[in-house]
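**Q** Below are the sequence and a predicted model; questions follow.
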Amino acid sequence: MAKMADDGKTRLGRAGEVLKEEFPLRRYIPSGLTLLGLCCGATAIRFALTGYYRAAVIAIICAAVFDLLDGRVARLFGTASAFGAQLDSLADLVSFGIAPAILVYTWSLYQVHGAGWALTLAFCVCCAIRLARFNVESVDPDPEAPPEPYFRGVPTPAAACLILLPMLLAFQFSDKLLSSPFTSAAIIALMSALMVSRVPTLSLKHIHVLPQFRGLVIAAGILMLATAIVFPWSTLTGVLIIYLVSLPFAATLFSERGKARRAARRAARMD
């Protein structure tokens, strides 16, 4: 499996070399995608302030798609840079910090006045802290610690989508509890804490699919995409609920693995 993964990286590297030769403006494409995501986040704020909540949610989802693409395109073209990383973090603060927080405030948290605004600010602050910590750890990693196959804390795009979960459910059901400011307050407080926590969470980019299951995964992805087109709110809600439920299981699993790795490093030092 490791050999096949290495072969895949080699093929990706060759594809990147071809793209470098054929597209001289390649260095601008990742930053362009990042800026498109930033524009989506800013547009979500406009929609939130004018009461177009569904359009605001769609804009934030589009920002998440651009955020998913820009890093992968940068690695494919071999144009990853410190500038791109900083620009990505600034765009993330707007798209996944300020925009979703303002959206939730204008939708329900405004009903509790100052307390609702305080929670809105807290989410923005925690998003900024997480992004700043991520930048520092990426630039100056611990040389003795191997790369961790998981995230520390809930990533900002995931937290942004999760605080919208009551709103997504309210789009589909008419229960007053879903639109209650106390429901929004509870989930925004939880996500704010989880963003700045050191709790290990699932990282999709570290998941390696065995060759015999790749066809099944591709088929499942196509089915999910088709379902998202026909039933967008239900599909997004289901994905977010699955991710939310997975958090305690991932934390337990990765915590045990982390303890085992630290114990192995201590044993190696003693030898």
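**A** Nice, I can see it. Numbers count the residues shown, from 1 in each chain.
**Q** after the lowest-mean-pLDDT helix or strand in the chain comes which helix or strand?
**A** Ranking every helix and strand in the chain by mean pLDDT, DSSP states H and E puts helix 2-22 at the bottom, with a mean of 52. For helix 2-22, the following helix or strand on the C-terminal side (DSSP states H and E) is helix 29-49.
**Q** buried set for that next one?
**A** Across helix 29-49, burial judged by 16 or more other C-beta atoms under 10 Å covers 29-31, 33-34, 36-45, 47-48. Where you see a C-beta, it was placed from the backbone N, CA and C, and this is true even at glycine.
**Q** now what about it, what contacts it?
**A** For helix 29-49, the surrounding residues in contact (C-beta atoms under 8 Å, 6 or more residues apart in numbering) are 23, 53, 55-57, 59-60, 62-67, 69-71, 73-74, 77, 79-80, 83-84, 87-88, 90-91, 94-96, 98-100, 102-103, 106-107.
**Q** Go again with 7 Å.
**A** 55-56, 59-60, 62-63, 66-67, 69-70, 73-74, 77, 79, 84, 87-88, 91, 94-95, 98-99, 102-103, 106 (C-beta atoms under 7 Å, 6 or more residues apart in numbering).
**Q** The residue nearest the centre of the chain: what's it in contact with?
**A** The centre of the chain sits closest to Pro157, judged by C-alpha atoms, centre = their mean, with a distance of 3.2 Å. By C-beta under 7 Å, 6+ apart, the contact set of Pro157 is 64, 67, 96.
**Q** Quick check: mean pLDDT of whichever strand or helix holds it?
**A** Assessed by DSSP H and E, Pro157 sits inside helix 156-162. Averaging pLDDT along helix 156-162 gives 94.
**Q** from the middle of its chain, how far away would it be?
**A** 6 Å (C-alpha atoms, centre = their mean, to the nearest Å).
**Q** How about stretch 128-135?
**A** 13 Å.
**Q** in it, what's buried?
**A** Buried, per 16+ other C-beta under 10 Å, within stretch 128-135: 128, 130-131, 134.
**Q** Repeat that for stretch 184-194.
**A** Buried residues in stretch 184-194 (16+ other C-beta under 10 Å): 184-185, 187-188, 190-192, 194.
**Q** List of residues touching stretch 191-199?
**A** 122-123, 126-127, 129-130, 152-154, 156, 159, 162-163, 251.
**Q** any chance of these in a markdown table, with secondary structure too?
**A** Output for the contacts of stretch 191-199, formatted as a markdown table (DSSP: H, G, I helix; E, B strand; the rest coil):
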| residue | secondary structure |
| --- | --- |
| Ala122 | helix |
| Phe123 | helix |
| Cys126 | helix |
| Cys127 | helix |
| Ile129 | helix |
| Arg130 | helix |
| Arg152 | strand |
| Gly153 | coil |
| Val154 | coil |
| Thr156 | helix |
| Ala159 | helix |
| Leu162 | helix |
| Ile163 | coil |
| Ala251 | helix |
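**Q** quick check, nearest of these to Tyr243?
**A** Using C-beta to C-beta, Leu162 is the member of the contacts of stretch 191-199 that lies nearest Tyr243, at 7.4 Å.
**Q** Pull up the gap between Met224 and Arg54, please.
**A** 20 Å (C-beta to C-beta, to the nearest Å).
**Q** now do Gly238
**A** 18 Å.
**Q** doesn't Ala80 fall inside a strand?
**A** No - using three-state DSSP, the assignment for Ala80 is coil, not a strand.
**Q** Where does the nearest residue to it once chain neighbours are set aside fall, secondary structure wise?
**A** Excluding the flanking residues, the one nearest Ala80 by C-beta to C-beta, 6 or more residues apart in numbering is Ala74, at 4.4 Å. Ala74 belongs to helix 53-77 when assigned by DSSP H and E.
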